[in-house]
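Student: Dropping a prediction and its sequence here:
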Amino acid sequence: MAIQKKFSLMIPGPTPVPERVLEALGRHPIGHRSKDFQNIVKSTTENLQWLHQTKNEVLTITGSGTAAMEAGIINTLSKGDKVICGENGKFGQRWVKVAEEFGLEVVQINAEWGKALDPEKFKNILENDFNKDIKAVILTHSETSTGVINDLKTISQYIRNHKKALSIIDCVTSIGAFNVPIDEWELDIVASGSQKGYMIPPGLSFISVSEKAWKANELSNLPKFYLDLKSYKKSLLNNSNPFTPSVNLMFALDEALKMMREEGLKNIFQKHERHKRAISEAAKKLNLKLFASEKSLSPSITSIETQNFDAESFRKNINDKYGIQLAGGQDHLKGKIFRVGHLGYINDRDIISVISAIGLTLYERNMVNENDIGQALIEAKKHLEG
């Protein structure tokens, strides 16, 4: 009889799922129009607003984070509208494609993959839009493909100063890992996905919608049916859903959000910051180069550049020998970087384990010595305790 291998997910998603959440996920389904299910919707909605730091409706869609982002675009904009899209990675690139697919006029603000978007470029375009032609700014907060976090706080201020433009933000790997005070920053559309900081399997996405966005919704003429947010808003008044939702994922969401409230937002954000620092500083001790610039490291993903070895074979070695799954690079970065996910249900032991596995694999390739590994672990311990 073969021994089942135990895997450790250290990728940016799906992320590990706590036992409490798995138990909730395994419950027998109930009717999605029943009173019991309405109570689940009521509970999750209140806790989603807490997590998002908003009084806005936070709608739940059965679909991925891409569904939520597409919904944000098609429910607030019209064909021919001019929008700014920030592109400094795979997902920023995706929103450019989605916007163009729906006939929007896209003004791109680009940065090299691994670099943060320059907020001053947004400021310059928005301040010079005297006719208020720009209807929205679409960007990714934490760029999952590169491990870069963009300066959403500053960019959102420039969007607010414009008065007319909406902010449509991909927060898929930042909600639940980084402080995103939606009401304080007056963000209009914020999209996220269940398999990231929420600590549940893939299949649900969430979208916070401001009053300004709802007003824009009245003028939107882009086609929509399943992703028509008006139907989700109407159903939410009765703690329901316009279509058949993923009932068991809602059980899981309810339990995960309760766990997050028990931990507290401040503790959650501090934990992710400690883990980011532990991984990034340990990597330096192992003579590895961070792909993202120091001041824009995502709290959710650390990307490491492999200058003199193939990242794919390195990931395979770690997976085969230590049962730890790391993510690779995408598109032109394949084989050139590997990504360590550290968001959601990750603890200090996971951080120590992945650093040890990376160090030992480098040691087996004669790229570091025993002292380097020891120094990396000591450095990690310093940040984990800090």
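Tutor: Sure, I can see it. Bear in mind the structure is a predicted one, so any value in this text is a computation, not a measurement. Residues are numbered from 1 along each chain as shown.

Student: packing partners for the longest helix seen in the chain?
Tutor: The helix of greatest length in the chain, counted in residues with DSSP state H as the criterion, is given as helix 265-285. If contacts are counted by 3 or more Cβ pairs under 8 Å, 6 or more residues apart in numbering; DSSP states H and E, helix 265-285 sits against strand 289-290, strand 301-305, helix 348-364, helix 370-385. The C-beta positions use only the backbone N, C-alpha and C, and glycine is treated the same way.

Student: quick one: it to helix 370-385, angle?
Tutor: Inter-element angle recorded for helix 265-285 and helix 370-385: 170 degrees (by axes from the mean of the first three to the mean of the last three Cα atoms, to 10 degrees).

Student: Helix 265-285 to strand 301-305, inter-axis angle?
Tutor: Between helix 265-285 and strand 301-305, the angle comes out at 10 degrees (the same axes, to 10 degrees).

Student: where's helix 265-285 relative to the chain centroid, distance-wise?
Tutor: Here helix 265-285 shows a centroid-to-chain-centroid distance of 16 Å under the convention Cα atoms, centre = their mean, to the nearest Å.

Student: That one versus helix 348-364: what angle between them?
Tutor: 10 degrees.

Student: Now do the helices in this structure.
Tutor: With DSSP H as the definition, the chain shows helices at residue ranges 19-25, 35-52, 65-74, 90-101, 119-127, 152-162, 182-185, 211-217, 229-236, 247-263, 265-285, 311-322, 348-364, 370-385.

Student: In contact with Pro299, which residues are there?
Tutor: With contact taken as Cβ atoms under 8 Å, 6 or more residues apart in numbering, Pro299 is in contact with Ser142, Ile149, Ser174, Ala177, Phe178, Phe269, His272, Glu273, His275, Lys276, His342, Leu343.

Student: Do you know the pLDDT at the residue nearest to Pro14 when sequence neighbours are not counted?
Tutor: Here the nearest residue to Pro14 in space, its sequence neighbours aside, is Gln195; by Cβ to Cβ, 6 or more residues apart in numbering that works out to 4.1 Å. At Gln195 the predicted local distance difference test score is 97.

Student: pretty sure Met199 contacts Val21?
Tutor: Yes. The criterion here is Cβ atoms under 8 Å, and Met199 meets it with Val21 at 6.0 Å.

Student: Are there residues contacting both of the two? Which ones?
Tutor: Shared contacts of Met199 and Val21, defined by Cβ under 8 Å, 6+ apart, are found at Ala256, Met259.

Student: Kindly state the domain boundaries assigned to this structure.
Tutor: As given by automatic domain parsing, the domain ranges for the chain are 19-262, 264-385.

Student: measure the residue nearest to Pro14 to Leu249 for me?
Tutor: With distances defined as Cβ to Cβ, to the nearest Å, the gap from Gln195 to Leu249 amounts to 10 Å.

Student: circling back: closest to Trp113 out of the helices and strands packed on helix 265-285?
Tutor: Each of these was checked against Trp113 via Cβ to Cβ, and the shortest separation belongs to strand 301-305, namely 9.4 Å.

Student: What pairs with that closest one, parallel or antiparallel?
Tutor: Strands adjacent to strand 301-305 in the sheet, as given by DSSP bridges, are strand 289-290 (antiparallel), strand 337-341 (antiparallel).

Student: Pull the contacting residues for Asn241.
Tutor: With contact set as Cβ under 8 Å, 6+ apart, Asn241 has these partners: His32, Val41, Thr60, Thr62, Tyr232, Ser235.

Student: wait, which of those residues is closest to Lys132?
Tutor: Within the set of the contacts of Asn241, Tyr232 lies nearest Lys132; the separation is 28.7 Å, counting by Cβ to Cβ.
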